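1. Structure for the following, please:
(one chain, ligands or ions: 4)
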Amino acid sequence: MAAPVRTTCAYCGVGCGILATRTGERSVAIQGDPDHPANRGRLCSKGTHLGETVGLEGRLLTPMIGDKAASWDKALDLVARRFRETIARHGPNSVAFYVSGQLLTEDYYVANKLMKGFIGSANIDTNSRLCMSSAVAGHLRAFGEDVVPAAYDDLDAADLIVLVGSNTAWCHPIVYQRIMAAREARDTRLVVIDPRRTETAEGADLHLAIRPGSDVALMNGLLAHCRREGLTDDGQLDVPDDFWDAIARDGDLWSTARTCDVPPADLNRFFELFAATPRTVTVFSQGINQSLRGTDQVNAILNVHLATGRIGKPGAAPFSITGQPNAMGGREVGGLATTLAAHMDFAPDNVARVGRFWAAPSMATKPGLKAVDLFRAVDEGRIKALWIMATNPAVSMPDATRVRDALAACPFVVVSDVVARTDTSDHAHVRLPAAGWGEKDGTVTNSDRTISRQRAVLPLPGDAKPDWWIVSQVARRMGWASHFAYDRPADIWREHARLSLYQNGGERLFALPGHAGTSNAGYDAMTPFRWGGTPFADGRYPTPTGRARLVTPQPAPIAAPLKQWPMTLNTGRYRDQWHTMTRTGLSPKLARHRDEPLVEVHPSDADALGLVDGGLARVATPQGASLYRVALSEGQRVGELFVPIHWTDHVAKGGRTGLLSRPLVDPHSGQPGFKATPAAITSVATEWRAFAILRTSAPPPLPDALWATRVAVPAGWMIELAGNGDPAALQALLPSGERVEAQDRARGTWRAAVLEQGRLAACLFLARDGSLPPRDWLIRQLGEAAGPAVLAGRAPGAAVDRGPIVCACFDVGMKTIVAAIAEQRLTDVAAIGKALGAGTNCGSCRPALARLVTDHQEIADAAVR
Ligand SMILES: Nc1nc2c(c(=O)[nH]1)N[C@H]1C(S)=C(S)[C@@H](COP(=O)(O)OP(=O)(O)OC[C@H]3O[C@@H](n4cnc5c(=O)[nH]c(N)nc54)[C@H](O)[C@@H]3O)O[C@H]1N2
Ligand SMILES: Nc1nc2c(c(=O)[nH]1)N[C@H]1C(S)=C(S)[C@@H](COP(=O)(O)OP(=O)(O)OC[C@H]3O[C@@H](n4cnc5c(=O)[nH]c(N)nc54)[C@H](O)[C@@H]3O)O[C@H]1N2
Ligand code: SF4
Ligand SMILES: [Mo]
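-> Ligands and ions are numbered 1, 2, ... in the order given. I've put the predicted structure just below:
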């Protein structure tokens, strides 16, 4: 067996180190890297199951012009020519790049350099605009530079951790496990501030289920409390004249509690805990950033930390955790339309400096279009050539239907992606096959400024090429061969490091000393390191006065419910899926945690609106409407809905969330307010419900039905279905072969199975009264010897329904766990682990297990008594 390759995870900004071992043509064994400072050997469910996503099924393996395969030469020449011609005819601002925090730093650097130094426009924006641009804008206002003043070690050293707008247990699971470890080791307190009671909140000492958008009121209330307690010191800060008046206004406990809609006693507990705990880290992510006042919400948090001295010391910091694996690397190269490069902005000095360094013929002199404006410009015909890399805006942008229309009307769209077909690349004129995780080489920066290498463990498949190579080739063909003469990522890394140091007398904290001269071998051997040390430890900030600034924050508008749109729609993530599912969607293990897109509703709303658990509902906003399966949840606030962002037209009919969100943005950062859209929900009745399980390696097409969602299962695919009228069209799902069938017209059930040489190749179960057999046993029968008895839908003899899968690693279902809690009187997560294995590998399900223990303990006790 090959030696393990040290690399980093493909997914979130925690940036876990991985030991990847090639075990076959296209197979990789995954282990956590015990030496990586971010995770010390741990991995969550997504990282653990990366090996299930490296197959070639669905990959784009050759350049495509329209629907025809093309050589690289032809495709690159075409892209270069169309961009050149468009620029010649309509000017540099008629073209744009839309890139991604999932590019490596080297890819990002080259794309940014081409657009801002050579094409001469700053129309390069990134999906990070949708992700953490409010944090960037907030840092710039408070500190003068976009520096995250925290590290994971601070979590280990803190006495209080406050998670605001962050479902850490699902979205940054290894950070959450570190927090849980700190709680065990030193009794660190945990407060979670989120309108929903998430699994993250389940593990906290205190959960404040605040009204959406009331974070500024909460933080101002906290700051007013600290001031009353004499804990603030603004002597070394730049303070706007109106600042303290604005903070004091409505800043008493009662009015804050009213605005935030939380019990005053809970609020007081939080205030007192914070005031009493100098070592406090406040971690925040999308519940703060993705708001129409995201930047002000960020500054409201920074204000509290600056004014109470909780920054620049071990265990005390505001901590913006980033979502994507290289969101931070993108910030370092200046990949946002509003930044230039290497933490420099568009001030004339900086433009001149970067221009000199690049020997650039036509520097962009002002910021370019931010994502939402950029796609609006495409829609209005002002952008005539667009290149999209490593992101799926037809799904992930707000008002995504309009984005699709814009792409469809754009004269020239290029998409670089690893998969053959996405909702975005359906609109591309040219598709370029990019190297994927496991094949690409370069660096990423995680949430705590640690730079690590990603290394290839597999060879490049087909004609796939790394993104840096693709961009450099186009740049060369546009006429700038000598400026883009890179042969390897190390060449780009050295240039990036040199730029960080270029005429930098300490004004810019971002600097990579010692790396400009790294040899190729040194680059290959690079070990993880954090840049910037402990920022602001000396109390000095990169502002003109050297002081940090307090900013008077404006609260987010808390709209009164509208008659037509009485609900507030919140959107976010599931534990085991990554964004638009192009990769996690390939993993059967990850699919089973939540295999359909749900709309979570509070039971009292459901009662009032006639929604039933497990039924379908249409969620509508002024932008559009989409279907979801209803899940009642006590963890929702009344009046609020929650839907996931992951489902696309390629995996489902229904459940596409991007089309619902408004294209409204924060005025400072341009980040969309994805977390609160006025919405309505209505029940949708269907006459039948069905599912099909099919043994096929290629994903089967979705049949024509009102509701259809497809997930990977171990030997094939499963499709959940619901609809009205004659379900005869579902016949087309079943392959030809020996057919066994059972129909009960009275009950309206239809069950069919197809056998190939006595083995189960496919089955379809349909019911009109809604009761269908559990899926697990049938999934396991795919490819196994089977006969007509398979139509019973369960094992002969005892019927075991394991319920939804909670532990993805050991495949343990909810009902199995609940039964074990009751029968074996299991009282904690560790006991469940001993009995069933659940929760003992990646640990992502431990919050869910804890919840099951609390919920079922009393039942178990009662049963024994
Ligand atoms: N499993 C998984 N993990 C991921 C990702 C993924 O797709 N799947 N994506 C990665 C990426 S790119 C990102 S950006 C991160 C995102 O990570 P998170 O920010 O943790 O994830 P979200 O689910 O978008 O939203 C976080 C929480 O904000 C809450 N919220 C909504 N409105 C408000 C409000 O007004 N105030 C407060 N205080 N909270 C509010 C929501 O209820 C939600 O629970 O996750 C990363 N990790
Ligand atoms: N309503 C709503 N919308 C949201 C959010 C929300 O909370 N609510 N969150 C927003 C946030 S924070 C984010 S980060 C975005 C994420 O949204 P997207 O960036 O659109 O989602 P992904 O599915 O990660 O898209 C990445 C694409 O790049 C491809 N890819 C993977 N690796 C590579 C590579 O190395 N090279 C190339 N060229 N391609 C590659 C993948 O196949 C995939 O098609 O969604 C945003 N949209
Ligand atoms: S927490 Fe999970 S998804 Fe994030 S980097 Fe670590 S293993 Fe990957
Ligand atoms: Mo993100």
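
2. hang on, Ile311 packs against His305?
-> Yes: between Ile311 and His305 there is a contact under CB atoms under 8 Å: 4.7 Å. Any C-beta I mention is one placed from the backbone N, CA and C, and that applies to glycine too.

3. which SSE is the residue of the chain most remote from its centre in?
-> Most distant from the centre of the chain: Ala746, at 46.5 Å, with distances by CA atoms, centre = their mean. Per DSSP states H and E: Ala746 is located in neither a helix nor a strand.

4. what sits opposite the residue in the stretch 401-550 of the chain that ligand 2 sits nearest to in the beta ladder?
-> Residue nearest to ligand 2 within the stretch 401-550 of the chain: Ala434 (3.3 Å; CB to the nearest ligand atom). Note on Ala434: beta-bridge partners Lys465, judged by DSSP bridges.

5. and the closest residue in space to Arg695 that isn't next to it in sequence, how many neighbours?
-> Computed as CB to CB, 6 or more residues apart in numbering, the closest residue to Arg695 that is not its neighbour in sequence is Gly716, at 4.2 Å. For Gly716, the neighbour count with other CB atoms under 10 Å is 22.

6. Pull up the gap between Gly716 and Pro597, please.
-> 21 Å (CB to CB, to the nearest Å).

7. thinking again about what came up before, for the residue nearest to Arg695, give the beta-bridge partners.
-> Val713.

8. pLDDT score for it?
-> Looking at Gly716, its pLDDT is 95.

9. tell me the contacts of the residue nearest to Gly436 when sequence neighbours are not counted?
-> Take Gly436 and drop its neighbours on the chain: the residue closest to it by CB to CB, 6+ apart is Val418, 3.9 Å away. Going by CB atoms under 8 Å, 6 or more residues apart in numbering, Val418 touches Arg59, Leu60, Pro433, Ala434, Ala435, Gly436, Ala464, Thr582, Arg583.

10. cool, and Ser285?
-> Contacts here follow CB under 8 Å, 6+ apart; on that basis Ser285 touches Met132, Gly165, Ser166, Thr168, Cys171, His172, Ser320, Ile321, Thr322, Gly323.

11. Report how many residues lie close to the second one.
-> Which is Gly165. 25.

12. picking that back up, redo the contacts of Val418 as JSON lines? Include pLDDT, neighbour count and distance to Arg476.
-> Listed next are these as JSON lines, based on pLDDT from 0 to 100; neighbours: other CB atoms under 10 Å; distance: CB to CB, whole Å:
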{"residue": "Arg59", "pLDDT": "97", "neighbour count": "19", "distance to Arg476": "26"}
{"residue": "Leu60", "pLDDT": "98", "neighbour count": "24", "distance to Arg476": "22"}
{"residue": "Pro433", "pLDDT": "98", "neighbour count": "25", "distance to Arg476": "19"}
{"residue": "Ala434", "pLDDT": "98", "neighbour count": "25", "distance to Arg476": "18"}
{"residue": "Ala435", "pLDDT": "98", "neighbour count": "25", "distance to Arg476": "19"}
{"residue": "Gly436", "pLDDT": "97", "neighbour count": "25", "distance to Arg476": "24"}
{"residue": "Ala464", "pLDDT": "98", "neighbour count": "22", "distance to Arg476": "19"}
{"residue": "Thr582", "pLDDT": "92", "neighbour count": "23", "distance to Arg476": "29"}
{"residue": "Arg583", "pLDDT": "89", "neighbour count": "23", "distance to Arg476": "30"}
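
13. Out of those residues, which comes closest to Met567?
-> The shortest approach to Met567 among the contacts of Val418 belongs to Thr582, at 30.0 Å (CB to CB).

14. Settle this for me: that closest one is touching Val419, isn't it.
-> Yes: in terms of CB under 8 Å, Thr582 counts as a neighbour of Val419; the distance is 4.8 Å.

15. Report the separation between the closest residue to Asn303 other than its chain neighbours and Gln31.
-> Of all residues not flanking Asn303 in the chain, Leu550 sits nearest, at 5.1 Å (CB to CB, 6+ apart). Look at Leu550 and Gln31: by CB to CB, they are 46 Å apart.

16. Out of the two, name the residue with the larger neighbour count.
-> Legend: neighbour count by other CB under 10 Å for Leu550 and Gln31, higher for Leu550 (24 against 15).

17. any idea how far that one lies from Ala537?
-> 20 Å.

18. same question, Thr545
-> Using CB to CB, Thr545 is found at 18 Å from Ala537.

19. Same question for Ala276.
-> Distance of Ala276 to Ala537, computed by CB to CB: 23 Å.

20. Pro489 too?
-> 32 Å.

21. Quick one: name the residues of the stretch 501-650 of the chain near ligand 1.
-> Listed as neighbours of ligand 1 in the stretch 501-650 of the chain under the rule CB under 6 Å from any ligand atom: Asn570, Gly572, Arg573, Arg575, Gln577, Trp578, His579.

22. Nearest to ligand 1 among those?
-> Here the nearest of these to ligand 1, counting by CB to the nearest ligand atom, is Gly572; it sits at 2.4 Å.

23. ok, the closest one - how many residues close by?
-> As a burial measure, Gly572 scores 23 neighbours (other CB under 10 Å).

24. quick one, phi/psi of it?
-> Backbone torsions for Gly572, taken as degrees, to the nearest 10, come to phi -180, psi -150.

25. Next one: it from Leu163, what distance?
-> 14 Å.

26. Show me what residue of this structure gets nearest to ligand 3.
-> Closest point on the chain to ligand 3, by CB to the nearest ligand atom, is Gly47, at 2.4 Å.

27. wait, doesn't that residue sit right on Thr8?
-> No: with contact defined as CB under 8 Å, Gly47 does not reach Thr8; the gap is 9.4 Å.

28. Find residues that contact each of the two.
-> Common neighbours of Gly47 and Thr8, counting by CB under 8 Å, 6+ apart, are Cys16, Ile18.

29. so who does Ala435 touch?
-> Neighbouring residues of Ala435 by CB under 8 Å, 6+ apart: Val418, Ala456, Leu460, Ala464, Lys465, Pro466, Asp467.

30. Please, which helix or strand holds Asp125?
-> Here Asp125 is assigned to strand 124-126, by DSSP H and E.

31. Within the sheet, what are the partner strands of that strand, with directions?
-> If you go by DSSP bridges, strand 124-126 pairs up with strand 95-99 (parallel).

32. How far does stretch 724-739 sit from its chain's centre?
-> Centroid separation for stretch 724-739 versus its chain: 36 Å, with CA atoms, centre = their mean, to the nearest Å.

33. Give me the contacts around that stretch.
-> Against stretch 724-739 from outside (CB under 8 Å, 6+ apart): 686-688, 690, 692, 694, 696, 700, 703-706, 719, 721, 750, 752-756, 761-762, 764, 766.
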